[in-house]
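> quick one: sequence and predicted model below, then my questions.
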Amino acid sequence: MILLCCSEAHKPSSTDKFYSGEFPVMDLLYRLKRVFHNKIQRWLFVVGMVAVTHLLFQSLLLPYGKALRSLLPDEEASIRDESSHPNLRSLTNFVIVRNPLTVNDSDFTSFNKFDGFVKPGDNSNTGKDIEVDSGMKVMDIETKNGSTFEEQGLDDFIELVTDGEVDNVEDFHKSFAEDSVNNGENSSILELADETKLGLPLEQIKRKFPTENILEQHTSQLPKEFGDAEIASSAVPQLRTEVSNANSSAASVVLKTNLATSKNVSARIGTPGKKKMRCDMPPKSITLINEMDSILMRHRRSSRSMRPRWSSIRDREILAARTEIEKTPIAMNDRELYAPLYRNVSMFKRSYELMDRILRVYVYKDGSKPIFHQPILKGLYASEGWFMKLMEGNKRFVVKDPRKAHLFYMPFSSRMLEYTLYVRNSHNRTNLRQHLKEYSEKIAAKYPYFNRTGGADHFLVACHDWAPYETRHHMEHCIKALCNADVTAGFKLGRDVSLPETYVRSARNPLRDLGGKPPSRRSVLCFYAGSMHGYLRPILIKHWKDKDPDMKIFGPMPPGVASKMNYIQHMKSSKYCICPKGYEVNSPRVVEAIFYECVPVIISDNFVPPFFEVLNWGAFSVIIAESDIPNLKQILLSIPEEKYLQMQLAVRKVQRHFLWHAKPQKYDLFYMTLHSIWYNRVYQIKAR
């Protein structure tokens, strides 16, 4: 029975027959299936154990819920919007736009245009400079974890920074500084060094990212006048990119414009309402002429110059000269000089004599043309050019051995600096200042003299409006002879020299048309004609143009030679010549009035008149406050005829101090400029 059961059990069924030898092919497939089935079970078991072990360790090491994300291919979860825009890192990386001043990527020729985003081009040299087609230099900076900006993609905090001068937007800057998101875990910086125009429509950015609520929250804080804005910048504008990893799921890449550190950028504000620049508004503070006198005397008593690092025989010679100047007996009259023109004619004459006898100047040969050693002898900026030409060619004062020098001259032209390096309409002068900074650093490294006094015995002569900005910081302790002598823009009374701005019409004959009619033939009370630069001149025109026959106040003169001659004849025929400020405090009309023997009427708050340390401007000019323009005629008529005749005589006497000659003459403009530099050094020097 048992045998029968066993035989029955081993009796092949129909299925077994199907996989038995009667069907060899199917039998082979059946056996292979069973073998692979067992192997799959074993592999599934092994993989499952590995996965469980991995998740267990991940849960211990990463307690922030990132264990599952770490199993994904690129450690990120990508999302796309419905308009096929580039991938974003994750839901934690939305874009917050704090400012409608954004990037116009079409202006970056070396960047790939990628649906409105700025993405760097290929760069095989990570961390080095990349030269691009438009002349820009791109710094490819590595992030904290070693990946470049290109590898980081869009997970970056983009900050647009322009190093320039911005006026009257401090409150605007602060609102962004307070709202900025700064995590600092990862960061990368993209710097652009050339002309860039930044302006991508805000609506375009809104469409690209699902951030409507956040966007509206932050843009609602902006002033309405900043609705459409464009920043034009050049030279060394910086496009900084920082990675911001906020912990919340709604914080991410923040595109903003940080102007808080900017000093020189022109924000051309669109509609509605145009933000005014500093030069288009009255000054916030006013220093009157009598206050300037007090400041000058105070600075005379307490010098700001640093004590020299080591003593020099030249310092002792200057100190001895100061003792002689101060001991000079006071003389009320002088056969050579007209005493009323000067604060102290005796001290001025003695100082001039000592300068002529002992002063020695070393002129640096460093620096290449056209910025250095190439003078301009014609036009508005001729003063710096004439002084450079006459100083470098002078054999009386210039020495070849710098050890014998009392003063050191840095012969650069601020006009040629602007002409050579400034990018037109960029409103950014950073590279101009950087060029002079590198020059002064080269001087300090090559020679020991600059470091000995911190530059206090070095001087420069510059007539461009931008010279105060260009020489700021790195030449801060030097003696600056500037046409733009504005006490609110860094001009230091008692150290710096107010340089006359002379409009030279003929380089071959700078004295052409000199002189004017005698007082008895000056029938016009006052005269002005000129362009409407700045905020003040339109006020003058509004109050006096075509309002009074005695007040010949006009706008711009028509172009042409006849118009120029008419302008000159008006100056030669007027008692008073109005000299209002333009964009800056200085005006060439001050010297023009003296040139044509017309009493100058200076209307420019905070302007330090030329050679203020030695000349008594009250003797030959009228200085009125800008707020007194409505009372201009009344003020001029209140001056007695006798007083006017004295001032007109003083104008003719002081004229010699404001003239250029091909060969310098005693007491002329070259000597007066050099004397004021010497005189201020005499009273600023400190002994070791």
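Perfect, I can see it now. Quick caveat: nothing in here was measured; it's all calculated off a predicted structure. Numbers count the residues shown, from 1 in each chain.

> when you work out contacts or count neighbours from here on, use the C-alpha atoms and nothing else.
Noted.

> low-confidence regions, the chain specifically.
Within the chain, the segments meeting pLDDT under 70 span 1-37, 57-275, 688.

> do a quick rundown of the strands in the stretch 501-650 of the chain.
524-528, 551-553, 574-580, 599-603, 622-624 (DSSP state E, counting those that start in this stretch).

> tell me which of those lies nearest to L421.
Closest approach to L421 among these (C-alpha to C-alpha): strand 574-580, 29.8 Å.

> one step back: most tightly surrounded among the strands of the stretch 501-650 of the chain?
Comparing these by mean neighbour count (mean count of other C-alpha atoms under 10 Å), strand 574-580 comes out on top with a mean of 28.

> next, format the strands of the stretch 501-650 of the chain as JSON lines and append distance to A481.
JSON lines is the format used below for the strands of the stretch 501-650 of the chain (distance: least, C-alpha to C-alpha, whole Å):
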{"stretch": "strand 524-528", "distance to A481": "27"}
{"stretch": "strand 551-553", "distance to A481": "32"}
{"stretch": "strand 574-580", "distance to A481": "21"}
{"stretch": "strand 599-603", "distance to A481": "20"}
{"stretch": "strand 622-624", "distance to A481": "22"}
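
> got a list of what Q655 touches?
By C-alpha atoms under 8 Å, 6 or more residues apart in numbering, the contact set of Q655 is I594, F595, E597.

> what's the burial count for the closest residue to R522 other than its chain neighbours?
Leaving aside its chain neighbours, R522 sits nearest to S573 (4.5 Å; criterion: C-alpha to C-alpha, 6 or more residues apart in numbering). Around S573 there are 24 other residues, counting by other C-alpha atoms under 10 Å.

> can you pull the contacts of S573?
Applying C-alpha under 8 Å, 6+ apart, the residues near S573 are G516, K517, R521, R522, S523, V524.

> what's the answer for L296, then?
Here L296 is in contact with L493, G494, E613 (criterion: C-alpha under 8 Å, 6+ apart).

> which one of these has the most neighbours?
Of these, with other C-alpha under 10 Å as the count, G494 tops at 28 neighbours.

> surely that residue meets R300?
Yes. Judged on C-alpha atoms under 8 Å, G494 makes contact with R300 at a distance of 6.2 Å.

> anything in contact with each of these two?
Y683, Q684.

> let me know the helix or strand that the closest residue to R309 other than its chain neighbours is in.
Spatially, and ignoring its direct neighbours in sequence, R309 is nearest to R452 (5.1 Å; C-alpha to C-alpha, 6+ apart). R452 belongs to helix 449-453 when assigned by DSSP states H and E.

> ok, F459 next?
strand 458-462.

> run me through the strand neighbours of that strand, direction for each.
When pairs are called by DSSP bridges, strand 458-462 turns out to pair with strand 407-409 (parallel), strand 479-482 (parallel).

> list the contacts for D280?
Residues in contact with D280 (C-alpha under 8 Å, 6+ apart) are G534, Y535, Y583.

> wait, what's in contact with the last one?
I take that to be Y583. C279, D280, H533, G534, Y535.

> run a quick check on the last one versus M277, I expect a contact.
No. With contacts defined as C-alpha under 8 Å, Y535 does not count as touching M277, sitting 10.1 Å away.

> my guess is P411 contacts V363, does it?
Yes. The criterion here is C-alpha under 8 Å, and P411 meets it with V363 at 7.2 Å.

> and the two? Which one has more around it.
More crowded of P411 and V363, by other C-alpha under 10 Å: P411, with 27 against 22.

> in contact with that one, which residues?
Applying C-alpha under 8 Å, 6+ apart, we find P411 in contact with V363, Y364, F372, H373, M388, L460, V461.

> any idea how far I677 is from the closest residue in space to the last one that isn't next to it in sequence?
Closest residue in space to V461, ignoring its immediate chain neighbours: A481 at 4.6 Å, by C-alpha to C-alpha, 6+ apart. When distance is defined by C-alpha to C-alpha, to the nearest Å, A481 is 7 Å away from I677.

> find residues that contact each of those two.
F459, D496, V497.

> quick check: closest non-adjacent residue to the first one.
Closest residue to F459 in three dimensions, ignoring its sequence neighbours and counting by C-alpha to C-alpha, 6+ apart: I479, at 4.5 Å.

> how about V497?
Per C-alpha to C-alpha, 6+ apart, closest to V497 is A481, 4.4 Å.

> quick one: contacts for that neighbour?
Counting by C-alpha under 8 Å, 6+ apart, A481 has contacts F459, L460, V461, A462, D496, V497, S498, L499, T673, I677.

> can you add distance to R429 and neighbour count and give the residues you listed back as CSV?
Listed next are the contacts of A481 as CSV, based on distance: C-alpha to C-alpha, whole Å; neighbours: other C-alpha atoms under 10 Å:
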residue, distance to R429, neighbour count
F459, 22, 23
L460, 19, 24
V461, 19, 28
A462, 16, 28
D496, 22, 24
V497, 23, 33
S498, 23, 29
L499, 22, 27
T673, 27, 24
I677, 27, 26
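
> can you put these in a markdown table and add distance to M332?
Listed next are the contacts of A481 as a markdown table, based on distance: C-alpha to C-alpha, whole Å:
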| residue | distance to M332 |
| --- | --- |
| F459 | 33 |
| L460 | 34 |
| V461 | 33 |
| A462 | 35 |
| D496 | 28 |
| V497 | 26 |
| S498 | 26 |
| L499 | 27 |
| T673 | 24 |
| I677 | 25 |
